[in-house]
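Participant: Task: produce atomic coordinates for the following.
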Amino acid sequence: MADIDEIIDNFSLLDDWDDRYRYLIELGRELPPLAAAAHNDANKVQGCASQVWLDTRVRLNGAGGPVLTFVGDSDAHIVRGLIAILFAMYSGRSAKDILATDAVALFEKMGLREHLTPQRSNGFRSMVDRIHSDARAALATVA
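Facilitator: Okay, here's the model as predicted:
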């Protein structure tokens, strides 16, 4: 899967929004599959118009604090692409780094906010909130 800098670069090369939507869908197709058992209520993200599941795994990393990795899925192709962007930004990073990273600012910088429906934008924020909540919970377990 592409890292966040590569995604931003690729996105900026595409002038046409139809091409950008296709790229988002392509990113979503690259997500690893989410196990059927992980499609459960505990992993379901509230506040999304589409169905979205995020499964968070926490690995303790000594003095560096907990590191979180994510797998996820959605029933909507564009939302799967948004999940891929979030995972490129957050997965494999420490909880402290996750909390210090402003995904919404990047979302706006990429021009996504004005080209997605308000429901999709709210869903994106709900996914960010869920990831931040998981990062805070992981930090609380080691405090």
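Participant: what about the helices in the chain?
Facilitator: Under the criterion DSSP state H, the chain carries helices at the ranges 4-13, 17-29, 77-90, 95-100, 103-109, 118-142.
Participant: Which secondary structure elements does the lowest-mean-pLDDT helix or strand in the chain sit against?
Facilitator: Ranking every helix and strand in the chain by mean pLDDT, DSSP states H and E puts helix 103-109 at the bottom, with a mean of 87. The contact analysis (3 or more C-beta pairs under 8 Å, 6 or more residues apart in numbering; DSSP states H and E) places helix 103-109 against helix 4-13, helix 77-90, helix 118-142. Backbone N, C-alpha and C define where each C-beta goes, glycine included.
Participant: As TSV, the helices of the chain with mean neighbour count would be great.
Facilitator: Converted to TSV, the helices of the chain look like this (neighbours: other C-beta atoms under 10 Å):
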stretch	mean neighbour count
helix 4-13	14
helix 17-29	16
helix 77-90	23
helix 95-100	18
helix 103-109	15
helix 118-142	17
